[in-house]
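1. could you look at this predicted model? Sequence included:
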Amino acid sequence: MTKVAVKMLVNAIVVIGLTMWFGEADFVSALIVTVILGALAYVIGDMFILPAAGNTAATLADGALTYVVLWAASSMLDWNLSYFDMFVIALIVGIFEFFFHIRLLQDGIPGRKDNAGHARFRAQR
């Protein structure tokens, strides 16, 4: 469970900080978006895509998910985020996710019953 907490904390620092800086978002709405993003990214990227397709696919999926969630939130909440701002935030989240996935593959994915055999490639071990 500490891995999930680390993921949520780092995503919160990056997403809340940068959306408040770039898009002039308020703290509460940025926090809500970050919690939704973190939960979706963990379930979709870490629990399903990472074991099935590996680190690269899961990292790209997490980055794309971050971009789409930020785009939707920016549109609905009238944040002043440009496409480039969203790309920068998604890129930073993606870089963190890449290294986070390596750690997950080494230690096992919390919440999965079958953690054996996910590190198929040498770089993922």
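-> Perfect, I can see it now. Numbers count the residues shown, from 1 in each chain.
2. so in the protein, which helix runs the longest?
-> Ranked by number of residues, the top helix in the chain under DSSP state H is helix 83-107.
3. and that helix, what's buried?
-> Using 16 or more other Cβ atoms under 10 Å as the test for burial, helix 83-107 gives 85-86, 89-90, 92-94, 96-98, 100-102, 104-105. Every C-beta, even on glycine, is put in place using the N, C-alpha and C of the backbone.
4. closest one of those residues to residue 75?
-> residue 86 (10.7 Å; Cβ to Cβ).
5. check what pLDDT residue 113 gets.
-> Confidence at residue 113, expressed as pLDDT, is 63.
6. how about residue 105?
-> So, for residue 105, pLDDT stands at 89.
7. against residue 59, how distant is it?
-> Distance, residue 105 to residue 59, using Cβ to Cβ, to the nearest Å: 12 Å.
8. swap in residue 43?
-> According to Cβ to Cβ, residue 43 stands 16 Å off from residue 59.
9. more crowded one of those two?
-> Using other Cβ atoms under 10 Å, the more surrounded residue of residue 43 and residue 59 is residue 59, with 23 against 12.
10. test my guess that the more buried one contacts residue 101.
-> Yes - counting by Cβ atoms under 8 Å, residue 59 does reach residue 101; the two are 6.2 Å apart.
11. report the buried residues of the helix or strand of the chain with the lowest mean pLDDT.
-> Sorted by mean pLDDT, DSSP states H and E, the helices and strands of the chain end with helix 50-53, the least confident at a mean of 92. Counting neighbours by 16+ other Cβ under 10 Å, one finds that the buried residues in helix 50-53 are 50, 51.
12. swap in stretch 35-53?
-> 37, 38, 41, 42, 45, 46, 47, 49, 50, 51.
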